[in-house]
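Undergrad: Have a look; sequence and predicted model below, questions after that.
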Amino acid sequence: MADNNSRPADEVQGQAGAIENRERAANSPASQPIGKGMFGVTGSGDTSGFSGLVRRAPAIVETPRPYGGYFDEVVDALQEAYPAFHDAVEKIVVDRGELTIYIRAERIAEVCAVLRDDPSLRFELCNSVSGVDYIHDPRRLHVVYHLTSMTYRRRIRLEVAVSVDNPHVPSVTSVYPTADWQERETYDMFGVIFDGHPNLTRILMPDDWEGFPQRKDYPLGGVPVEYKGAEIPPPDERRAYK
Amino acid sequence: MTDAYAEARQTTEGRVYTVTGGDWDSTFGGGDPIAEERIIVNMGPQHPSTHGVLRLILELEGETVTQTRAVVGYLHTGIEKNTEYRTWTQGVTYVTRADYLSPIFNETAYCLAVEKLLGIEVPERATTIRVLMMELNRIASHLVWLATTGMELGALSMMIYGFREREYILDIFELASGLRMNMAYIRPGGVAQDLPDAAVEKIREFLKIMPKRVDQYEALLSGNAIWRKRTQGVGYLDITGCVALGVTGPVLRSAGLPWDLRKTMPYCGYETYDFEVCTHTSADVWGRYMVRLNEIRESLKIVEQAVDRLRPGPVMVEDRKIAWPAQLAIGNDGMGNSLEHVRRIMGQSMEALIHHFKLVTEGFRVPPGQVYVPIESPRGELGLHVVSDGGTRPYRVHMREPSFVNLQALPAVSEGGLLADVIAGGASLDPVMGGCDR
């Protein structure tokens, strides 16, 4: 993670918050084993050798500067406009031509306000708020924000991570009213609680639904069907390549 | 004989009844009936004017709407969750069913995202076919908008004309893919199969008749006094409101901001096509009508350029680890593996059979990471956020659906207006509940 790249150590080491962030980042292991075998079955006398395979969760590696394109400008402008930058930003990743800034959950609304209002940033449009459940991450519930600057024609992604035990993220509805329904959907599907949201209720599922359907430990559901005499199990119970 | 509602008394002329009708005195004595009476109307989810299963809870003062609440979710089918249990290629068949009026856009955005994750580029002919199909789909989608909105505002003939021309486009889709809707025609790496000559001919024919038809719609609606009264000054939403509420697409352009991703952040080579971004400044239902009408004309221009650009060539990437092994063909029971391919894998090449089996059952692996690919759908920005963990199935697929986001603007465009204008304002946002609820 933060330690195994070539980023000059003295660049941000002066900042206490940065060190803390690096420690926090180092606590989530780079890549960890998440399962064995390729087909999700055991005890079947598999002689292919694939049953000994250890699958690992992909690691998210911080990108060293320069980020390339307009990404450096965006990060510099944010650093200048937002005094608590080193405390709020956990890591910055550039992958496939997209910039992702990992933010500490409790800072997200502040960062969004700066990104929207600073004249050199001007991210006026919040395109999308949604969740991803990285089940092997200790802070497994991630909320992902996609912002667009219509002025500069730039896009960035913000990501925050919270644990299932403490799934609280400040709502950005006061900055971006469009996040209203999208935060409700993220709550509905992942159980992330957006503090300060005016009306955080379920939106796609019925009001009395139990559980959060998009979490990875929530089953897809379905019933077995009979086809030409054979019983086909529901999709999430079928043997599949992992 | 006594009656609860009619008091009776005996007179010299016989028995006389005084019909009071219950408690009218107390009702009339109670103050201003308009201001005091709060009516809550539950409109939908089964209502012909709500574009599918949208439920509106309206609070009325007389005929004026004081509060609008939209309730969605009646068409939630778990499309995003389902893709996590299928291969990357099968994912196309799920996302295409979200916004059923613009399936090609769902497929293209998803495939562009998968291709970005894979780091591959599709052949030029495939990209041109994608642009061609997207623009035809945009015309079809706008036609349905014109047709249904016409119907809702009383212009029933528009309904018939709109669906007639849309059927023509669906015939083109059927010629190309074997299916009218939800075709799963765009696939990661290219398109499912090449465009047949018959489809190109039919598109050329369509290009001849359509411009006149668009002029006919305009002649039918624009001069109509009722149409003008029902649309002009109704459902006002300015640029600030649009951007704050995340509203994109024709609604944003009707407020005057020329924000069209085909121009501002081009993809699929849109920067090489000659077309205009249609805008209007009235920010009302009329403006959205004009923008959509003109966008049909601009899309026709793009379709024409794309047809002229079609050169023979592959429509799928060369990599046999991604491209479907069989050349698909349309048989009398729909699209399927070509008979030549079946003959080859069953009779000649064991390796080809194994490869076919592996690719169809296991699929291909996609390197871990996440991408967000936005494209300009007929309703605004359609963004696909796709996450891979390196496996043969998507780890997460999220669709940033313009219908879902734009519907949040419904209170803003309808509150303070008349009940009848809720229909016009809501229709002008063009929500498709299949996309909204996914």
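TA: Okay, I see it.

Undergrad: pLDDT below threshold where in the chain?
TA: Answering for chain A, as no chain was given. A:1-32, A:39-49, A:242 (pLDDT under 70).

Undergrad: wrong one, chain B
TA: In chain B (pLDDT under 70), the answer is B:1-6, B:18-37, B:50, B:326, B:330-335.

Undergrad: part of a helix, is B:Phe206?
TA: Yes - secondary structure assignment places B:Phe206 in a helix (DSSP: H, G, I helix; E, B strand; the rest coil).

Undergrad: Any idea how many residues pack against the nearest residue to it once chain neighbours are set aside?
TA: Leaving aside its sequence neighbours, B:Phe206 sits nearest to B:Tyr168 (CB to CB, 6 or more residues apart in numbering or on different chains; 5.9 Å). To be clear about C-beta, it is placed using only N, CA and C from the backbone, and glycine gets the same treatment. B:Tyr168 has 19 neighbours, counted by other CB atoms under 10 Å in any protein chain shown.

Undergrad: What sits closest to the residue in chain A that chain B sits nearest to if chain neighbours are left out?
TA: The minimum distance from chain A to chain B, using CB to the nearest CB, falls at A:Thr178 (2.8 Å). With CB to CB, 6+ apart as the criterion, A:Thr178 has its nearest non-adjacent residue at 2.8 Å, and that residue is B:Gly246.

Undergrad: Helices of chain A, start to end?
TA: Assigned by DSSP state H, the helices in chain A fall at A:16-27, A:71-81, A:85-88, A:108-117, A:179-190.

Undergrad: To B:Gly434, which of the ones you listed lies closest?
TA: helix A:179-190 (15.7 Å; CB to CB).

Undergrad: how far is that closest one from where the chain is centred?
TA: 14 Å (CA atoms, centre = their mean, to the nearest Å).

Undergrad: helices and strands around it, which ones?
TA: strand A:125-133, strand A:141-149, strand A:193-195, helix B:402-407 (3 or more CB pairs under 8 Å, 6 or more residues apart in numbering or on different chains; DSSP states H and E).

Undergrad: Quick check: the closest residue to A:Ser163 other than its chain neighbours vs A:Val129, distance?
TA: Spatial nearest neighbour of A:Ser163, chain neighbours left out: A:Arg139 (4.8 Å); criterion: CB to CB, 6+ apart. Using CB to CB, to the nearest Å, A:Arg139 is found at 18 Å from A:Val129.

Undergrad: Name the residue in the two with the higher neighbour count.
TA: A direct count of neighbours by other CB under 10 Å for A:Arg139 and A:Val129 places A:Val129 higher, at 31 against 18.

Undergrad: pretty sure that one contacts A:Val143?
TA: Yes - under the criterion of CB atoms under 8 Å, A:Val129 makes contact with A:Val143 at 6.7 Å.

Undergrad: what is in contact with these two at once?
TA: A:Thr186 (CB atoms under 8 Å, 6 or more residues apart in numbering or on different chains).

Undergrad: Can you give me the domain boundaries for chain A?
TA: A:4-53, A:71-195 (automatic domain parsing).

Undergrad: Find the one among those domains with the highest mean neighbour count.
TA: Greatest average neighbour count among the domains of chain A goes to domain A:71-195 (a mean of 20), per mean count of other CB atoms under 10 Å in any protein chain shown.
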